[in-house]
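Undergrad: Predicted structure and sequence below. I'll ask about it afterward.
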Amino acid sequence: SRSYLAATSREDAEASGARWFPHNKGGSFRKWWGNQDYLVNWENDGHDIQEYRDPHTGKQRSRPQNIDCYFKPCVSWSNVSSGAPSFRLYNESFIFSHVGQALFPDTEHHPAIMSFANSTVVTKILEAIAPGTHFEVGQIKTLPWIEPESFDPTPIERLIEIFRDDWDARETSWDFQRPPYLLGDSSLLEELFAAWYERSVSTAREAQRLESENNRFWAGVYGLEGEVEIDVPLSRVSLTYNPRFAFAPSKDAERSEEEYRWLHYQRSAKELVSWLIGVIMGRYSLDAPGLVLADQGSTLDDFQARVPAASFMPDADGIIPITDSLFHDNADLRLADALSALLGADSLGQNLDFLARCLAVKPASSGADFQPPRPVVDSRAALLKYMKSGFLKDHEQAYSNRPVYWMFSSPKGGFKALMYLHRYTPDTVGHVLTEYASEVVAKLTDQIQAIDRHLPDMGGAERTRARDSHEKLSAQLHDVQGYIDSTLYPLS
């Protein structure tokens, strides 16, 4: 890997020989810890950036500012915000940008600075000195500081811990280890999801209490009791897994407790499918924490070197067809295998039914009461439908349009197959063509020919159904064959 996520100085970064380093670009409203999404090319002490010049005039086009402050722990915030600012702690491994501005107090002062910055006292002052949507470092620098007579950092350290754990519970975190809803020894998804929901709500309420106490402390220091808000609404506790924040309704709308619960279940279900796809691809393992195969050209040999006694082996070629169960490694079948290996074969049917039900959750429409999803008749069919029409969209959203799974798809969806980016080789497209797309064509042709043979002996409704099926299969065959001719064959 050419990335280095733990640089402690510019000298350490340069000596590592790495190219990619963590980049603080601000981000959405989130307090205490998080918004750690980006990498920047700072190879050879940022040579390419510092020497970036106009190709015609030779004039320098890039002038990074305050680079001596790179790779130092800091308190940072987003330069642009439509509401109150949110301040976060970053460790020394980051390079900051003009939209992820930063203060660099001594490390021992971090809790006090964070505590003050994330209080409603600062929000109130900034309403006067920075009434727009930009919070520049000069404005933050002018905030009046009153040294408190005493300051206990413990509550702030706990808030940072809560928000760091919340951030790392996401699959996209660099420090992700294992899905949080798998904590516990139950073999039933319904029980695991319910326990995760209760923990999420409990943690959000703890953070709410600590943030409210923080507001009360600084209001007392500045003599602003009665002038600033003390109590923090649960919907403003900016934890990813706080249901009231994550699924906050539009203004003047409300959600029931049941709706929050089911929306949280749905998120967990989508995350579980994503993680299981990773297990099937070798990105993750049931038996090892964190990433396993995540370097370009990774192979099964690499997987076995990392996980020598795996209870579940990844897919042989890193390609998962998403068809109507035409292949032994079809998406719905492999997902069921992985879920069975995770929670046991005895509970597989019950878990598939609950998973399909969670994926079917629909938020209440305006003015209507929320209706919990009904039990699904065919859970595997529902799971396959989600893989065909919903998974890629959710994956791209979760990965901020930088997906690690790519979809081969014919124009009308008659053929779909999922590929893992890090297992791509120059032979991958040819393999998709010969082992999957061509096989779909052959199987569709066989089905059409079988109908042709039996059609003369059919009558009435049976004949009508056969003709309808023939028409659909022929359209699918045309779609897939056209995709082979126009895309797969030229690229293979």
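TA: Happy to help now that I have it. Numbers count the residues shown, from 1 in each chain.

Undergrad: In the protein, spot the helix with the most residues.
TA: Using DSSP state H, we find that the single longest helix of the chain is helix 189-221.

Undergrad: Who are the packing partners of it?
TA: With contacts taken as 3 or more C-beta pairs under 8 Å, 6 or more residues apart in numbering; DSSP states H and E, helix 189-221 sits against helix 110-117, helix 120-129, helix 154-168, helix 243-246, helix 257-281, helix 348-359. Where C-beta positions appear, they are placed from N, C-alpha and C, glycine not excepted.

Undergrad: List the buried residues for that helix?
TA: 189-190, 192-194, 196-197, 200-201, 203-204, 207-208, 210-212, 214-215, 217-219, 221 (16 or more other C-beta atoms under 10 Å).

Undergrad: before we move on, what about stretch 56-72?
TA: In terms of neighbour count (16+ other C-beta under 10 Å), stretch 56-72 has its buried residues at 70-72.

Undergrad: got the end-to-end distance for it?
TA: End-to-end distance for stretch 56-72, by C-alpha to C-alpha, to the nearest Å: 36 Å.

Undergrad: Report the distance from it to the chain centre.
TA: Stretch 56-72 sits 31 Å away from the centroid of its parent chain (C-alpha atoms, centre = their mean, to the nearest Å).

Undergrad: can you pull the pLDDT of the residue nearest in space to the middle of the chain?
TA: Centroid-nearest residue in the chain: Ala398, 3.4 Å away (criterion: C-alpha atoms, centre = their mean). Per-residue pLDDT puts Ala398 at 94.

Undergrad: element containing the spatially closest residue to it that is not a sequence neighbour?
TA: Nearest non-adjacent residue to Ala398, counting by C-beta to C-beta, 6 or more residues apart in numbering: Thr172, 6.2 Å away. Secondary structure from DSSP states H and E places Thr172 outside every helix and strand.

Undergrad: Hmm, Thr172 is touching Gln397, no?
TA: No - with contact defined as C-beta atoms under 8 Å, Thr172 does not count as touching Gln397 (10.6 Å).

Undergrad: Which one's more surrounded, the two?
TA: Thr172 (14 against 11; other C-beta atoms under 10 Å).

Undergrad: Show me where the stretch 351-492 of the chain has its strands.
TA: Ranges of strands in the stretch 351-492 of the chain, per DSSP state E, counting those that start in this stretch, are 405-409, 416-420.

Undergrad: Highest mean neighbour count out of those strands?
TA: strand 416-420 (a mean of 23; mean count of other C-beta atoms under 10 Å).

Undergrad: That one: partners in the sheet, and parallel or antiparallel?
TA: Here strand 416-420 has these sheet partners by DSSP bridges: strand 319-321 (antiparallel), strand 405-409 (antiparallel).

Undergrad: give me the low-pLDDT residue ranges for the stretch 1-150 of the chain?
TA: The stretch 1-150 of the chain contains residues with pLDDT under 70 at 1, 82, 99-100, 132-134.

Undergrad: try it again with 80
TA: Within the stretch 1-150 of the chain, the segments meeting pLDDT under 80 span 1, 58, 60-65, 80-83, 97-100, 130-138.

Undergrad: correct me, but Ala336 touches Gly349?
TA: No - Ala336 is beyond contact range of Gly349, at 9.5 Å (criterion: C-beta under 8 Å).

Undergrad: would you turn the strands of the stretch 351-492 of the chain into TSV with distance to Thr323 and mean pLDDT?
TA: Below are those laid out as TSV (distance: least, C-beta to C-beta, whole Å; pLDDT from 0 to 100):
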stretch	distance to Thr323	mean pLDDT
strand 405-409	11	96
strand 416-420	7	96
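
Undergrad: who's in contact with Ser119?
TA: 214-215, 217-219, 228 (C-beta atoms under 8 Å, 6 or more residues apart in numbering).

Undergrad: same check, this time on Leu355
TA: Shown in contact with Leu355 (C-beta under 8 Å, 6+ apart): 189, 269, 272-273, 339, 379, 383.

Undergrad: Pull the most distant pair out of those residues.
TA: Based on C-beta to C-beta, the longest span within the contacts of Leu355 runs between Leu272 and Ser379 and measures 13.7 Å.

Undergrad: Surely Val232 and Leu210 touch.
TA: No - in this structure Val232 lies outside contact range of Leu210 using C-beta under 8 Å: 9.1 Å.

Undergrad: Quick check on Leu89: phi, psi?
TA: Main-chain dihedrals, Leu89, degrees, to the nearest 10: phi -90, psi 130.

Undergrad: who wins for neighbours among the contacts of Leu355?
TA: Neighbour-wise, the contacts of Leu355 (other C-beta under 10 Å) top out at Leu189, 26 neighbours.

Undergrad: What distance do you get for that residue to Pro243?
TA: For Leu189, the distance to Pro243 equals 18 Å [C-beta to C-beta, to the nearest Å].

Undergrad: What strand or helix carries Leu143?
TA: Applying DSSP H and E, one finds Leu143 in no helix or strand.

Undergrad: Surely it and Ile125 touch.
TA: Yes - taking C-beta under 8 Å as the definition, Leu143 is a contact partner of Ile125 at 6.0 Å.

Undergrad: Compare those two (neighbour count), which wins?
TA: Legend: neighbour count by other C-beta under 10 Å for Leu143 and Ile125, higher for Ile125 (18 against 14).

Undergrad: how close does the more buried one get to Gly223?
TA: From Ile125 to Gly223 the distance is 13 Å (C-beta to C-beta).

Undergrad: where do the strands sit along the stretch 1-150 of the chain?
TA: Using DSSP E, counting those that start in this stretch, the strands of the stretch 1-150 of the chain run over 20-24, 38-41, 74-78, 87-90, 95-96, 100-103.

Undergrad: Which residue, other than its chain neighbours, is closest to Ala382?
TA: In space, and not counting its chain neighbours, Ala382 is closest to Ala356: 3.9 Å by C-beta to C-beta, 6+ apart.

Undergrad: Same check on Arg178?
TA: That would be Pro289: by C-beta to C-beta, 6+ apart, it lies 5.5 Å from Arg178.

Undergrad: is it true that the one you found touches Asp175?
TA: No - judged on C-beta under 8 Å, Pro289 makes no contact with Asp175 at a distance of 10.1 Å.

Undergrad: With neighbour numbers in mind, choose between those two.
TA: Asp175 (13 against 10).

Undergrad: Quickly note the distance from the more buried one to Ser93.
TA: Separation of Asp175 from Ser93 (C-beta to C-beta): 12 Å.

Undergrad: now do Lys25
TA: Counting by C-beta to C-beta, the separation of Lys25 from Ser93 is 14 Å.

Undergrad: same check, this time on Lys385
TA: Counting by C-beta to C-beta, the gap from Lys385 to Ser93 is 42 Å.

Undergrad: what about those two, which has more around it?
TA: Ser93 (21 against 18).

Undergrad: Give me the phi and psi for that one.
TA: The phi/psi pair for Ser93 (degrees, to the nearest 10) is phi -90, psi 0.

Undergrad: That one contacts Phe21, correct?
TA: Yes - Ser93 is in contact with Phe21 according to C-beta under 8 Å; the separation is 7.2 Å.

Undergrad: any shared contact partners between the two?
TA: 5, 7.

Undergrad: list the contacts for the residue nearest to the centre of the chain?
TA: Residues in contact with Ala398, defined by C-beta under 8 Å, 6+ apart, are 170-172, 271, 274.

Undergrad: Pick the one among the residues you listed closest to Val80.
TA: Thr172 (22.2 Å).

Undergrad: who's in contact with the closest one?
TA: 37, 398-400.
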